[in-house]
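here are the coordinates; sequence isn't available:
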């Protein structure tokens, strides 16, 4: 038996899926960029500026950010398409990383998830995520999934 969807329902389903992906992307973007933390940074960088100049600079920065995000979206989709990688595969890869940690010997110390260059080498030292913040998020995800490093390890541990 072949399953089919009536044309009038297909349009509604496609619209629901598209809006669901758009909403998911928007929430992800807000979480990743965390715009509320940028307000104090912007105010400190523009201290002493007139409100008109601040507004103009904020509008210019927003427009630049918009074009960068659109270019990243297009380039990212082109790269994923070129290599034949689906969004589902990307999610699976993230889950795979969590699963692999369970197979690593418990006495192996995992570090350097995030690059932490000396502050004098950075253009904007306040940007990004600190290693300890990433580790906290990873540990939270492991707890949510009932995983821990070495859970599935069957060899001899050196400890």
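Everything's here; your move. Just so it is clear, the model here is predicted, and its values are computed rather than measured.

look up how far residue 138 lies from the residue nearest in space to the middle of the chain.
When Cα atoms, centre = their mean is applied to the chain, the residue found nearest the centroid is residue 32 (5.5 Å). Using Cβ to Cβ, to the nearest Å, residue 32 is found at 16 Å from residue 138. Any C-beta I mention is one placed from the backbone N, CA and C, and that applies to glycine too.

give me the below-cutoff pLDDT ranges for this protein.
Residues of the chain that meet the criterion pLDDT under 70 lie in 1-18, 111-118, 121-129, 156-159.

biggest helix in it by residues?
Ordering each helix of the chain by length in residues (DSSP state H) puts helix 51-83 first.

mind giving me the packing neighbours of that one?
Contacts defined by 3 or more Cβ pairs under 8 Å, 6 or more residues apart in numbering; DSSP states H and E place helix 51-83 against helix 38-45.

quick one: buried residues of the strand or helix carrying residue 140?
Here residue 140, judged by DSSP states H and E, is contained in helix 131-144. Buried positions in helix 131-144, judged by neighbour count with 16 or more other Cβ atoms under 10 Å: residue 142.

and that helix, what other elements does it pack with?
helix 87-101.

buried residues in the helix it packs on?
Neighbour-count burial for helix 87-101, counted by 16+ other Cβ under 10 Å, picks out residue 101.

tell me the angle it makes with helix 131-144.
Calculated by axes from the mean of the first three to the mean of the last three Cα atoms, to 10 degrees, helix 87-101 forms an angle of 90 degrees with helix 131-144.

ok, residues contacting helix 87-101?
Applying Cβ atoms under 8 Å, 6 or more residues apart in numbering, the external contacts of helix 87-101 come out as 80, 110, 138, 141, 142, 145, 147, 148, 149.
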